[in-house]
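Enquirer: sequence unknown, structure follows:
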């Protein structure tokens, strides 16, 4: 038996933020990030709509990119004091992910972060509050997923929290919020969405309910991401829907080792973070080549190539064309092809932020942690420690995967 879970309601299209007026409750806490929602007037709109619904509001502001365990615990303390019956999280993936983890701690104050990380092991939520997610970026799709990513900076590791309990009750997918994204963010979040859709389609947990969502998301991203990066508003609106469809797919079909590697390399190096979407973009072509040694996965990748009409007469040719497409997209989006050339802000550089000696020093532990990541279990080919280290080296040097 398998399970397919999505939010109870999803409001979409321009002006969908107004759906906040329909929420019923007494108190709502609003979780936001670094200030773009305030600068662009969306935070004030959200507060006004909630006040119109008769609710008192409290803000948890300044949630950082790659939110920390400490941020989660501090936010949960605010919720304990305020006692909201709605948690409204708006912005990029970080404030929504952080709010999901705060929600767990709010409902169960004795829960530790280690307890939260037990895959599909959370207790029943909604004993105190329900959850509404409003994304402003077009990539993470955390507004419809059973996942949250929280960083333990003491260990330099990003941990996925995975449980259908943290699937939001309501998602509001309003493209007006995404129109304000700068090009670099469009690029990174867009490739995150592409990775979600491709990994969901080849995951060992794929099914008839997730496949159409994944394929249509891939088609939409292929057609719209580069145009969105160039500033096309219609393409930006299409990408906001596409990333949500990809999220519906992977929340139920799960992911693979592109994400395992991105989680474990993101905060591992002293020179700076590897932005999650950029990591996915760099690693995805290498992982496709690695997974394609599995016959069933190879057929799935070939089906993707056929669906978006990439051509090719054999399975191998179709996979080659898919990899070429993804590498060309990285070029169009100004994303480097490997960790060695990953510079400040995720831009290509001759000398990247991850020195070779530090990478090699940490390689064994990163590979071991990636194998243990929650996303690895549904990857179509299970890597050994040696294979994971080789794969990470290919992602560092941009060398061919031939094993």
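Expert: All right, it came through fine. Nothing here was measured: the structure is a model prediction, and the numbers come from that model.
Enquirer: list the contacts of the most centrally placed residue in the chain.
Expert: The chain has residue 140 as the residue nearest its centroid, 3.2 Å off, counting by CA atoms, centre = their mean. Listed by CB atoms under 8 Å, 6 or more residues apart in numbering, the contact set of residue 140 reads 92-93, 96-97, 189, 192, 243, 247. In short, each C-beta sits where N, CA and C put it, glycine included.
Enquirer: then it would be within a helix, right?
Expert: No: counting by DSSP: H, G, I helix; E, B strand; the rest coil, one finds residue 140 to be coil, located in no helix.
Enquirer: the worst-scoring helix or strand of the chain on mean pLDDT: what's the following helix or strand?
Expert: In the chain, no helix or strand scores lower on mean pLDDT, DSSP states H and E than strand 157-162, which sits at a mean of 90. Where DSSP states H and E defines the elements, the next helix or strand beyond strand 157-162 is strand 170-173.
Enquirer: which strands and helices sit next to whichever helix or strand comes after that following strand?
Expert: Per DSSP H and E, the first helix or strand lying C-terminal to strand 170-173 is helix 175-178. In terms of contacts (3 or more CB pairs under 8 Å, 6 or more residues apart in numbering; DSSP states H and E), helix 175-178 is packed against strand 130-135, helix 233-253.
Enquirer: got those as JSON lines, with mean neighbour count and distance to residue 337 columns?
Expert: Below are the helices and strands packed on helix 175-178 laid out as JSON lines (neighbours: other CB atoms under 10 Å; distance: least, CB to CB, whole Å):
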{"stretch": "strand 130-135", "mean neighbour count": "26", "distance to residue 337": "28"}
{"stretch": "helix 233-253", "mean neighbour count": "25", "distance to residue 337": "22"}
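Enquirer: nearest to residue 169, of these?
Expert: Among these, the nearest to residue 169 by CB to CB is strand 130-135 (4.4 Å).
Enquirer: name the helices or strands packed onto the closest one?
Expert: Where contact means 3+ CB pairs under 8 Å, 6+ apart, strand 130-135 is packed against strand 86-91, helix 93-107, strand 170-173, helix 175-178, helix 233-253.
Enquirer: columns distance to residue 274 and mean pLDDT on top of those, output as CSV?
Expert: Formatted as CSV, the helices and strands packed on strand 130-135 follow (distance: least, CB to CB, whole Å; pLDDT from 0 to 100):
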stretch, distance to residue 274, mean pLDDT
strand 86-91, 21, 97
helix 93-107, 15, 97
strand 170-173, 27, 98
helix 175-178, 23, 96
helix 233-253, 20, 97
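Enquirer: export the ones you listed as TSV, with columns for distance to residue 67.
Expert: TSV is the format used below for those (distance: least, CB to CB, whole Å):
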stretch	distance to residue 67
strand 86-91	11
helix 93-107	4
strand 170-173	19
helix 175-178	19
helix 233-253	18
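Enquirer: for the ones you listed, which one sits closest to residue 359?
Expert: The nearest among the helices and strands packed on strand 130-135, by CB to CB, is helix 93-107 at 25.3 Å.
Enquirer: run the chain-centre distance for that closest one.
Expert: 15 Å (CA atoms, centre = their mean, to the nearest Å).
Enquirer: can you name the next helix or strand after it?
Expert: Trace forward from helix 93-107 with DSSP H and E and the next one is helix 113-116.
Enquirer: which residue ranges make up each domain of the protein?
Expert: Annotated domains of the chain cover 9-178, 184-397 [automatic domain parsing].
Enquirer: how about CSV for the ones you listed, with distance to residue 3 added?
Expert: Shown next, in CSV, are the domains of the chain (distance: least, CB to CB, whole Å):
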stretch, distance to residue 3
domain 9-178, 7
domain 184-397, 7
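Enquirer: and the helices in the stretch 251-400 of the chain?
Expert: For the stretch 251-400 of the chain, applying DSSP state H, counting those that start in this stretch gives helices covering 257-265, 276-291, 295-307, 315-332, 356-372, 385-397.
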